[in-house]
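Colleague: Return atomic coordinates for the entry below.
(chains A and B)
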Amino acid sequence: MVNFKKLIAETVYDEALGLSLEEIEGMIEIPADESMGDYAFPCFRLAKALRKAPQLIAADIAARAGDAEAFEKVENVNAYVNFFIDRAYFAGEVIDEVNRLGNAYGRSNSGEGRKVIVEYSSPNIAKPFHIGHIRSTVIGNAIYKLYDAVGFDVIRINHLGDYGTQFGKMIVAYRKWGSEEELAKDPIKSLLSYYTRFHKEAEEHPELEDEARETFVKLEAGEPEELALWEKFRKLSLEEFNRVYDMLGITFDSYAGESFYSDKMPRFIQELKDKGLLIESQGAQIVDLEPYDLGAAMITKSDGSSLYVTRDIAAAVYRKETYDFYKCIYVVASQQNLHFKQWKKVLELMGYEWQKDCIHVPFGLVSLSDGDDIKMMSTREGRVVFLEDVLNTAVAKTAEIMREKDAQGVDIDEVSKEVGIGAVIFQELSNNRIKDYVFSWDKVLNFDGETGPYVQYTHARASSVLRKAEAAGIDVDAIGKIDPAHLSSDSAYTLAKLLYRVPEVVEEAAAKYEPSIVTRHLVDIAQSFNKFYHDEHILVDDEDEKNAKLALVKASRTVLANCLGLLGIAAPERM
RNA sequence: GCGCUCGUAGCUCAGUGGAUAGAGUGUCUCACUCCGAAUGAGAAGGCCGCGAGUUCGAUCCUCGCCGGGCGCACCA
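Modeller: Numbers count the residues shown, from 1 in each chain, chains lettered A, B, ... in the order given. Next up, the predicted model:
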């Protein structure tokens, strides 16, 4: 397909301008208002070099470019050269391309032969999966899909929080107040109650904290009794998590969590010593990062047990040695910005230059409204909304709406899951990931406007038109060369332009680790399609016109499904 | 206190060193004998937190201030 930006850059290019083709291409803009053209080239910057008013420069370029074939017209408005692409030509090109590539449209091979690791979700074992966990899980999954789409070999790692002092606490609590039967009945709930009780009791009996630390030391030393309990907790928790992952349609290539690295740490502690980085402070071993304004990174506690940073160092080196990654992406909350800065600095001081390929992709906080107050979620204090409840409620609400609408020929059980869960995922991926938000049932259960169901509805609607055409004896897949002259209306053309931009949108979203760029574009496409649908009748009598419009509908449906797929959302044909 | 981060319409949020700052939602209207109304159209709603600076041009970049959030060694 023609790269229009490149074409325009070539048209504008002139040695006298003193700019390279690439520089010109980088300056090309898409005007805010379509009445000002499809692409624009601003000439302000040229004024100084050419010693000429920018309006005059723009006029010269416009005059020079005016007769190029791909453009309907080229005109200058003040200092801008505005390019209007020949609509029919453009629509024909885009539709051919989308319908030729099908579900490969939007994908590329620009990452071919390189490995990328995405670490995401990473819940803490023995704690329930709550609405806060949706962020890493869903954003991480979308980033995996985006990197996969642009051709990278992607390894998905669920870095389970399955180690640390918290397990000392859990074991102590279980021994004191737990029972096997209770645990078997509802594992997560029981474990959570032990954990909560531990913290309550520890307020009055601080010696419990010491006992927990001692127990973790035993666990780390591989004492059989502690190890057996820990393994049991881990197994039961993982079974629960998998239920949620199944609902979300998410899988991982590795569940190597923190515990996996427990026996790999001594090597790095020794290495830090050998490199003279480790110093003792109040009985603990630390790396002094004060010269970099990053405080101190604690490597071992005064009782000798390990910490988060220690395990992350071991994990990073292990991954580099095992996978030789091009990039290792950590989808972890912005609360841990300091941790990641410290950790990267330690790796750098150790001489691991590849630490620059380790990328922390932070996201904002989910909090809960507690009457007038807005508070952070707290598992300990029982102030949580469980993700599974949110998903189930969204599915139930969807089923209710579907029954109200008396949808014909639809498997409500199946589709309400696709739509309800899709709504939750879409909502999560709508905003820039760095933004904090307050969880709201109203918002997550709203299916009007810029929502997942809206986009899915648009897809189902396009599918419905194609079904109608098939029923009338048209083989939509066999429509060959179309006459794009029928697609020069504003609404058809705007839609075609949005379809055209999908590959660059996918590349941008991957490069910025920002799935919401795709989500936003998807909404734009759906809005544009619905406008086209309202403005124009598709199944008209004129064969040529009908075929051209059906080809555009088919291309739109393909793109909607492809982009939903990139976000991990289903694209039902009926709903 | 220091560091990071956010501040755009009543609310939730897009946006870009450039042309008149955009959606959704809410409010008020309109459109289903017509391909799916989970839709579309219209109205109303803005010192883009404040103040300087850089620039031909700043909502965007820099600095300062104000406000919210998060973080700042034996949790992760």
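
Colleague: Around RNA strand B, pick out the residues from the stretch 201-350 of chain A.
Modeller: Contact residues, the stretch 201-350 of chain A versus RNA strand B (CB under 7 Å from any atom of the strand): A:209, A:213, A:258, A:281-284, A:286, A:293, A:295-296, A:298, A:301-303, A:307-308, A:334-339. Using the backbone N, CA and C atoms, a C-beta is placed for each residue, glycine as well.

Colleague: Buried ones in the lowest-mean-pLDDT helix or strand in chain A, by neighbour count?
Modeller: For chain A, counting by mean pLDDT, DSSP states H and E, helix A:46-50 ranks last in confidence among helices and strands (a mean of 84). Buried residues in helix A:46-50, counting neighbours by 16 or more other CB atoms under 10 Å, are found at A:46, A:50.

Colleague: Which other helices and strands does that helix contact?
Modeller: Judged by 3 or more CB pairs under 8 Å, 6 or more residues apart in numbering; DSSP states H and E, helix A:46-50 is in contact with helix A:54-65.

Colleague: Contacts made by the helix it packs on with the rest, please.
Modeller: A:11-12, A:14, A:41-44, A:46-47, A:50, A:71, A:74-83 (CB atoms under 8 Å, 6 or more residues apart in numbering).

Colleague: Quick one: buried ones out of the residues of the stretch 201-350 of chain A next to RNA strand B?
Modeller: Neighbour counting with 16+ other CB under 10 Å marks A:209, A:213, A:258, A:284, A:286, A:298, A:301, A:307, A:308, A:336 as buried within those.

Colleague: Bridging across strands, which residues link to the fifth one?
Modeller: It refers to residue A:286. Per DSSP bridges, the residues bridged to residue A:286 are residue A:279, residue A:298.

Colleague: where does it land on pLDDT?
Modeller: Note on residue A:286: pLDDT of 96.

Colleague: Isn't it up against residue A:294?
Modeller: No - between residue A:286 and residue A:294 there is no contact under CB atoms under 8 Å: 11.6 Å.

Colleague: can you tell me how far residue A:5 sits from RNA strand B?
Modeller: With distances taken as CB to the nearest atom of the strand, to the nearest Å, residue A:5 is found 14 Å from RNA strand B.

Colleague: List the contacts of that residue.
Modeller: When contacts are counted by CB under 8 Å, 6+ apart, residue A:5 touches A:25, A:28, A:39.

Colleague: can you tell me which helix or strand it belongs to?
Modeller: Residue A:5 belongs to helix A:4-12 when elements are defined using DSSP states H and E.

Colleague: swap in residue A:44?
Modeller: Assessed by DSSP H and E, residue A:44 sits outside every helix and strand.

Colleague: picking up where we left off before, let's test this: mean pLDDT of the helix holding residue A:5, rounded?
Modeller: The pLDDT scores in helix A:4-12 average 90.

Colleague: Spell out which residues of the stretch 351-500 of chain A are next to RNA strand B.
Modeller: By the rule CB under 7 Å from any atom of the strand, the part of the stretch 351-500 of chain A lying against RNA strand B is A:364-365, A:367, A:374, A:376, A:398, A:401-402, A:405, A:407, A:419, A:430-432, A:434-437, A:443, A:446-450, A:453-454, A:457, A:460-461, A:463-465, A:468.

Colleague: Now that we have the residues you listed, which of them are buried?
Modeller: Using 16+ other CB under 10 Å as the burial test, these include A:364, A:367, A:398, A:401-402, A:407, A:419, A:430, A:447, A:450, A:453-454, A:457, A:460-461, A:463, A:465 as buried.

Colleague: buried residues in the helix holding residue A:5?
Modeller: Buried residues in helix A:4-12, counted by 16+ other CB under 10 Å: A:4, A:5, A:7, A:8, A:9, A:11, A:12.

Colleague: re the thing from before, when you check the residues of the stretch 351-500 of chain A next to RNA strand B against the helices, which ones overlap?
Modeller: Judged by DSSP state H, those include A:398, A:401-402, A:419, A:443, A:453-454, A:457, A:460-461, A:463-465, A:468 as members of helices.

Colleague: quick one: which two of these are the most distant?
Modeller: A:443 and A:468 (34.6 Å; CB to CB).

Colleague: Contacts only, for residue A:163.
Modeller: By CB under 8 Å, 6+ apart, the contact list for residue A:163 reads A:257, A:258, A:259, A:262, A:311.

Colleague: hmm, 6 Å instead?
Modeller: A:258, A:259 (CB atoms under 6 Å, 6 or more residues apart in numbering).

Colleague: and if you look at residue A:452?
Modeller: The contact partners of residue A:452, taken as CB under 6 Å, 6+ apart, are A:422, A:423, A:426.

Colleague: Once you drop chain neighbours, what's closest to it?
Modeller: Nearest non-adjacent residue to residue A:452, counting by CB to CB, 6 or more residues apart in numbering: residue A:426, 3.0 Å away.

Colleague: List the strands paired with the helix or strand where residue A:369 lies, with their directions.
Modeller: Here residue A:369, judged by DSSP H and E, is contained in strand A:366-370. Applying DSSP bridges to the sheet, strand A:366-370 is found paired with strand A:373-376 (antiparallel), strand A:437-439 (parallel).

Colleague: quick one: which of the ones you listed has the weakest pLDDT on average?
Modeller: For the strands paired with strand A:366-370, mean pLDDT drops lowest on strand A:373-376, to a mean of 86.

Colleague: now what about that strand, what contacts it?
Modeller: Applying CB under 6 Å, 6+ apart, the external contacts of strand A:373-376 come out as A:367, A:368, A:438.

Colleague: Using PDB, list the CA coordinates for it.
Modeller: Below are the C-alpha coordinates for strand A:373-376, written out as PDB (Å, rounded to 0.1, in the frame of the first residue of the first chain):
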ATOM      1  CA  ASP A 373     -13.100   9.100  51.700                       C
ATOM      2  CA  ILE A 374     -11.000   7.700  48.900                       C
ATOM      3  CA  LYS A 375      -8.700   5.000  50.200                       C
ATOM      4  CA  MET A 376      -6.200   2.600  48.900                       C
END
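
Colleague: now it: how far from the chain's centre is it?
Modeller: Centre-to-centre, strand A:373-376 and its host chain are 26 Å apart (CA atoms, centre = their mean, to the nearest Å).

Colleague: hmm, back to that, which ones among the buried ones among the residues of the stretch 201-350 of chain A next to RNA strand B lie within helices?
Modeller: A:209, A:213, A:308.

Colleague: Report the contact partners of the second one.
Modeller: Applying CB under 6 Å, 6+ apart to residue A:213 gives the contacts A:165, A:168.

Colleague: on that earlier part again, near RNA strand B, which of the contacts of helix A:54-65 show up?
Modeller: A:42, A:44, A:77, A:78, A:79, A:80, A:82.
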